[in-house]
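**Q** Return a 3D structure for these sequence lines:
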Amino acid sequence: MTLSAELDYGTPPVSVRTGAAETMVTLTIDGHAVTVPEGTSIMRAAAEAGIKVPRLCATDMLNSFGSCRLCLVEIEGRGGTPASCTTPVAADMKVHTVSDNLRRLRLGVMELYISDHPLDCLTCAANGNCELQDAAGEVGLRQVRYGYDGANHLADPIDTSNPYFQYDPAKCIVCSRCVRACEEVQGTFALTVDGRGFASRIAAGMNEDFLGSECVSCGACVQACPTATLIEKSVVALGQAEHSVVTTCAYCGVGCNFKAEMRGDTVVRMVPWKEGKANHGHSCVKGRFAWGYATHPDRILTPMLRERITDPWREVTWDEAIAHVATGFRRIQQQAGKDAIGVITSSRCTNEETYLVQKLARAVFGNNNTDTCARVCHSPTGYGLKTTFGTSAGTQDFDSVEQADVVLVIGANPTDGHPVFASRLKKRLRQGAKLIVIDPRRIDLVRTPHVQAAYHLPLRPGTNVAMLTALAHVIVTEGLVDRAFVEARCDLDAFDAWADFVAADRHSPEATEAVTGVPAADVRAAARLYATGGNGAIYYGLGVTEHSQGSTAVMAIANLAMATGNVGRPGVGVNPLRGQNNVQGSCDMGSFPHELPGYRHIAEDKVRAIYETEWGVTLDPEPGLRIPNMVDAALDGSFRGIYIQGEDIAQSDPDTRHIIAGLKAMELVVVQDLFLNETANYAHVLLPGSTFLEKDGTFINAERRINLVRKVMAPRAGMADWEVTQAIANAMGYPMHYTHPSEIMAEIARTTPSFAGVTYDKLEREAVQWPCNDAAPDGTPIMHANGFVRGKGKFIITEYVPTDEKVGPRYPLLLTTGRILSQYNVGAQTRRTGNVAWHPEDVLEIHPHDAEERGIGEGDTVRLRSRTGETTLHAHITDRVAPGVVYTTFHHPGTQANVVTSDYSDWATNCPEYKVTAVQVSPTNGPSEWQVAYRAEAAASRRIEPVEPAE
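**A** Predicted coordinates for the structure are as follows:
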């Protein structure tokens, strides 16, 4: 599409709660009749009639402000010239936006602005995309009477501290749009107008530079700025874009839409798309700015082979690489049987790519040895919600949070992991909604500017089920159950059994206090608030699922929602916050060894028959191997080859040493990725991957929304990921002849009932939420509105079973892990961007009491040791963690934090128990022996044989 500005109406639309009546008002603007909702500003009404009123301080992303005085209008029967942005419409009002008086007033205002502004339009980076420049033309400014000799701000220094944008106060008109965007849209409150009158200037933090302030680099201030005061460094370097393509972010599960603004095939900047259903024009530092990895010099752009993992890599052609893979897999199956090879799909790849990889396993390899990183994080969501509700996904859309009255966040850290959703949540909390946080750490949401949780329940890691059952105990024993909902919508026998179970004295907050460590009075108060506070919504993350009782905890959450009637309407529900961009989609596409697409079991004859007809093969009815089973089988010699697309199990999976041993034992490890990742250290074939900027396809976000991913540049390595998988299938003798991902989606729609109505043509018009079929042709924003998918909602008894990972004299602390805002998953992408300015390494958070006991000071190198392994990292002393608990991230391979995590996992899904590891922390003066050996091995493995020059 050509580059064109999205229509800005100047002020936001009138907010109307669902079910509220909307009164319409008709007025006349410049002789044109306009009908708009009551409460609409004159400025917006004019814009809807195609009449633009000059403005500088107004934008429809922000509430009206009325400071620039350019948008003045005249209203018949009223004196003065009110600001159109702050004046609401009225019935029969007659408005004039143009007159000699208005021209004179606007011209005088614009002269004042320009008298303290550099006249460098031709060389300014914003030339051609500057609202001040446009407004000067709109009001007819041709000269400035006041001159430029007096005091001015033209020599103020530029702040270039931020990796991605610069702040030039000389060009600032103090319209406050950046300050208001930071407050209203992002909710960080990092900016302010410092000083008065001529001394007024925008200040970050306590007059710090942007990098050193509380600014989280979401880009809202840059987006709001009408001049070149706040502008992307990429625009300064490359110039203004000339066309744009709307696509979907490839980071977290929020699924933000962006306009990739381009010059030729070069990305100039990523601009959050106002029409994006998940982000509504907002962004975070990763999606907005951290796309430079796509052209990083570390990118692998040529296939590479080697016979042994100790050999240097040898660059080869695509044909040679694909033939080598096909020949190797066929040889292994001939020698060791069809089950000796398998695949791993990625939650970072598109649905179409993921679908093809699991199809490769089932239709080409002839087995069900397919697993995904999504099982490693959110498989308990699928199991728990399918068991209780009948569908393996969250119940709401993100807009639903705007109607929540009580929000319970458990095991999630939205401001770091899902920041755009967190901004929407914080806005609702500032409007009066109440918040309950259940988390071992004091996450930002517990107390942040203008937001404070009503209750923070800092439970011990591993005790989620005990806590959730204690909440249920209060709801049942104090008569807070929504009996009407339960009787109408739920299995009453299951409810009665569950109610008897949770009502037992052993589940009371007083009895469980010794287990969870949370005062009983706080638990009781939080339960009452959730049950009686109006619309109650639960949002949870990996702090719920990555436990030995992850599936049990998800079912306990579902029990709470059903018992209180908080399912099936806006503002309520059970909402898993997916960690990666396509976690939901990779699950939907049948990446699990026991399930075909749409969560249908491989043993079901009727389901299998659908794919046998479509694919022309006979499918194995027996479930295949999960990743842990593949690794174990590799060590006993029965599993010998694997194709891993877009996943780095040597860094992301638990018990790193065991994973590496399994990879070393295999005969053919094929890695398809953007970079030489940690898994590639043990690979025999490296196939270049393609970034989201280089492919067409779809992602499915945490709200089940199917978003188009559109190619903005050709694949730098020559092939998109789906084309590589197709080439392998063809080389192994199974024909695949797709010419575009839309054809793969058509196959998905033919074979998967919840996707039956999905086409690329439909997605071009609007990103819909599955199920999308004849029963729901426009998709399904809210699940279970008229009844649960399974029929009657099923309450499940959730007995608390303590984890087998125990603290003791040797390992007295509990380690839990998580993410940080600036980095993403294993960091392969974000570590190759400017985001390292905020998080250059993983650190260990430790409470002051525990640090003092061990003689550890701030920044000291410490040894983190568990029963599984050990690593070293620097200590950060903080009371965000409780005594007895330590915390770290896993974004940097230099730390390899997962070398200490155990192989304990969820009883139902094998989801690893990352969140509970018994450890000891002690001072040290250098890396562990394992780290030294690992780093040396990795360095040796990354050698690439120089290519001989052509004669």
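
**Q** Please, where are all the helices along the stretch 651-800 of the chain?
**A** Per DSSP state H, counting those that start in this stretch, the stretch 651-800 of the chain has helices spanning 656-665, 721-731, 741-751, 760-765. These are given in chain order.

**Q** elements contacting the shortest one?
**A** Here helix 760-765 touches strand 706-709, going by 3 or more CB pairs under 8 Å, 6 or more residues apart in numbering; DSSP states H and E. For glycine as for every other residue, the C-beta is placed from the backbone atoms N, C-alpha and C.

**Q** and if we set it to 10 Å?
**A** Applying 3 or more CB pairs under 10 Å, 6 or more residues apart in numbering; DSSP states H and E, we find helix 760-765 packed against strand 697-700, strand 706-709, helix 741-751.

**Q** Which neighbours in the sheet does the helix or strand following it have, and how are they oriented?
**A** Sequence-wise, the next helix or strand downstream of helix 760-765 (DSSP states H and E) is strand 813-818. As defined by DSSP bridges, the strand partners of strand 813-818 come to strand 885-889 (parallel), strand 917-923 (antiparallel).

**Q** on that earlier part again, do you know which of the helices of the stretch 651-800 of the chain lies nearest Thr87?
**A** Between Thr87 and those, the shortest gap by CB to CB is with helix 760-765, which sits at 35.5 Å.

**Q** any chance you could map the strands in the stretch 351-500 of the chain?
**A** With DSSP state E, counting those that start in this stretch as the definition, the stretch 351-500 of the chain shows strands at residue ranges 370-372, 406-410, 434-438, 447-448, 451-452, 455-457.

**Q** out of the helices and strands packed on helix 760-765, which comes closest to Asp778?
**A** In this view, those are compared for proximity to Asp778 by CB to CB, and strand 706-709 is the closest at 12.3 Å.

**Q** Using PDB, list the CA coordinates for stretch 470-488.
**A** Presented in PDB, the C-alpha positions along stretch 470-488 are these (Å, rounded to 0.1, in the frame of the first residue of the first chain):
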ATOM      1  CA  ALA A 470      -8.400 -21.600  49.700                       C
ATOM      2  CA  LEU A 471     -10.000 -18.800  47.700                       C
ATOM      3  CA  ALA A 472     -12.700 -21.300  46.600                       C
ATOM      4  CA  HIS A 473     -13.200 -22.300  50.300                       C
ATOM      5  CA  VAL A 474     -14.100 -18.800  51.200                       C
ATOM      6  CA  ILE A 475     -16.500 -18.400  48.200                       C
ATOM      7  CA  VAL A 476     -18.300 -21.700  49.100                       C
ATOM      8  CA  THR A 477     -18.400 -21.500  52.800                       C
ATOM      9  CA  GLU A 478     -19.400 -17.800  52.900                       C
ATOM     10  CA  GLY A 479     -22.300 -18.300  50.500                       C
ATOM     11  CA  LEU A 480     -20.700 -16.300  47.600                       C
ATOM     12  CA  VAL A 481     -21.400 -18.800  44.900                       C
ATOM     13  CA  ASP A 482     -23.500 -17.600  42.000                       C
ATOM     14  CA  ARG A 483     -26.100 -20.400  42.300                       C
ATOM     15  CA  ALA A 484     -28.200 -19.300  39.400                       C
ATOM     16  CA  PHE A 485     -25.200 -19.500  37.000                       C
ATOM     17  CA  VAL A 486     -24.100 -22.800  38.400                       C
ATOM     18  CA  GLU A 487     -27.500 -24.400  38.200                       C
ATOM     19  CA  ALA A 488     -28.100 -23.100  34.700                       C
END
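
**Q** quick one: buried residues of that stretch?
**A** Of the residues in stretch 470-488, those buried under the neighbour-count criterion (16 or more other CB atoms under 10 Å) are 470-477, 480-482, 485-486.

**Q** hey, which of the strands paired with strand 813-818 is tucked in deepest?
**A** For those, the stretch with the most neighbours on average is strand 885-889, a mean of 23; neighbours defined as mean count of other CB atoms under 10 Å.

**Q** and the residue most central in space within the chain, what is it in contact with?
**A** A centroid search over the chain (CA atoms, centre = their mean) returns Cys252, at 2.1 Å, as the residue closest to the centre. The contact partners of Cys252, by CB atoms under 10 Å, 6 or more residues apart in numbering, come to 284, 286-287, 414, 416-421, 577-581, 583, 701-702, 819, 824-825.

**Q** same check, this time on Gly926
**A** Contacts for Gly926 were tallied using CB under 10 Å, 6+ apart; they are 861, 863, 872, 932.

**Q** For the stretch 1-150 of the chain, just list every one of the helices.
**A** Taking DSSP H, counting those that start in this stretch as the criterion, the stretch 1-150 of the chain carries its helices at 42-48, 100-114, 131-138.

**Q** Pull the residues that contact the longest one.
**A** The contact list for helix 100-114, computed with CB under 10 Å, 6+ apart, reads 53-54, 56, 68-74, 81, 96, 98-99, 132, 135-146, 148, 173-175, 227.

**Q** swap the cut-off to 8 Å and go again
**A** Residues from elsewhere that reach helix 100-114 (CB atoms under 8 Å, 6 or more residues apart in numbering): 54, 56, 68-70, 72-74, 81, 96, 132, 135-136, 139-141, 144-146, 173.

**Q** Strands along the stretch 851-951 of the chain, start to end?
**A** Here the stretch 851-951 of the chain has its strands, by DSSP E, counting those that start in this stretch, at 861-866, 870-877, 885-889, 917-923.

**Q** Could you give me the buried positions within the first one?
**A** Spelled out, it's strand 861-866. Applying a neighbour-count criterion of 16+ other CB under 10 Å, the buried positions in strand 861-866 are 862-866.

**Q** mind saving the C-alpha coords of it as CSV?
**A** Listed next in CSV are the C-alpha coordinates belonging to strand 861-866 (Å, rounded to 0.1, in the frame of the first residue of the first chain):
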residue,chain,number,x,y,z
THR,A,861,29.3,-12.8,41.1
VAL,A,862,27.5,-15.7,42.7
ARG,A,863,27.2,-19.4,42.1
LEU,A,864,23.7,-20.7,41.6
ARG,A,865,23.6,-24.4,42.2
SER,A,866,20.9,-27.0,42.2
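
**Q** How far off centre is that strand?
**A** Once both centres are worked out by CA atoms, centre = their mean, to the nearest Å, strand 861-866 turns out to sit 30 Å from its chain's centre.

**Q** Low-confidence ranges, the stretch 51-200 of the chain, go.
**A** Along the stretch 51-200 of the chain, the model assigns pLDDT under 70 to no residue.

**Q** err, the stretch 751-900 of the chain, not the other one
**A** Residues of the stretch 751-900 of the chain that meet the criterion pLDDT under 70 are absent altogether.

**Q** Tell me who's in contact with Ser115.
**A** Here Ser115 is in contact with 144, 146-148, 152 (CB under 8 Å, 6+ apart).

**Q** Filter those down to the buried ones and hand me the PyMOL line.
**A** A single PyMOL command selects the buried members of these (16+ other CB under 10 Å):
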select buried, resi 144
